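> Would you be able to build a 3D model of this:
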Amino acid sequence: MYQYTGNGAWSAMKELTGESSNTDLFGSSVAMAFDNTVPMLTVAVGAPGPVSTCGSVYIYRTEDNITWHLQQITFTEPGTFGSSLSLVDNMLVVADPDWDTQNGTCSWTSVIASDTIS
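Numbering: from 1, shown residues only. Next comes the predicted model:
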């Protein structure tokens, strides 16, 4: 992640990485929300993986850009959970178009990232 620092310059904020293999397609989808009242930055990263797996979404939060918190959501059925994301305030919508041979699905959840990461 990069932050615009002015005068056409960008500086690195944080490198976000998944915890699985490189076949999980981490980074296939990304959604970000910023709350100015706290302030808090929330970033959701999809890792839908191959259809034979379940797919995951990694949710990263920080209030100070020093301490980051992580929550991982993994779908329980084979598909491509996390292939598309939308994040508004504290609500996350996750798409899985391959959940069923005839129908996809969308799930939503409240975001509460609690595990501290370095």
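> How about the residue nearest to the spatial centre of the chain, nearest residue that isn't a chain neighbour?
Centroid check for the chain by CA atoms, centre = their mean gives A44 as the closest residue, at 1.9 Å. Among residues not flanking A44 along the chain, A31 sits closest, at 4.6 Å (CB to CB, 6 or more residues apart in numbering). (Glycine included, C-beta is placed from N, CA and C.)
> for the one you found, what are its contacts?
For A31, the contact set (CB atoms under 8 Å, 6 or more residues apart in numbering) comprises V43, A44, L85, S86, L87, L92.
> Also E15?
Per CB under 8 Å, 6+ apart, neighbours of E15: M1.
> what element comes up after the helix or strand hosting the residue nearest to A44 heading to the C-terminus?
In the assignment (DSSP states H and E), A31 maps to strand 29-35. For strand 29-35, the succeeding helix or strand toward the C-terminus, using DSSP H and E, is strand 40-47.
> send the alpha carbons of that next one over as PDB?
What follows is strand 40-47 as a C-alpha-only set of coordinates in PDB (Å, rounded to 0.1, in the frame of the first residue of the first chain):
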ATOM      1  CA  MET A  40      -9.400   4.200  10.900                       C
ATOM      2  CA  LEU A  41      -8.300   2.600   7.600                       C
ATOM      3  CA  THR A  42      -9.800  -0.800   6.600                       C
ATOM      4  CA  VAL A  43      -8.500  -2.800   3.700                       C
ATOM      5  CA  ALA A  44     -10.100  -6.100   2.500                       C
ATOM      6  CA  VAL A  45      -8.200  -8.300   0.200                       C
ATOM      7  CA  GLY A  46      -9.700 -11.300  -1.700                       C
ATOM      8  CA  ALA A  47      -7.900 -14.600  -2.200                       C
END
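> and the angle from that strand to strand 29-35?
170 degrees (axes from the mean of the first three to the mean of the last three CA atoms, to 10 degrees).
> And strand 40-47, what does it pack against?
Counting by 3 or more CB pairs under 8 Å, 6 or more residues apart in numbering; DSSP states H and E, the packing neighbours recorded for strand 40-47 are strand 29-35, strand 56-62, strand 84-88.
> for these, which one ends up most surrounded?
strand 56-62 (a mean of 22; mean count of other CB atoms under 10 Å).
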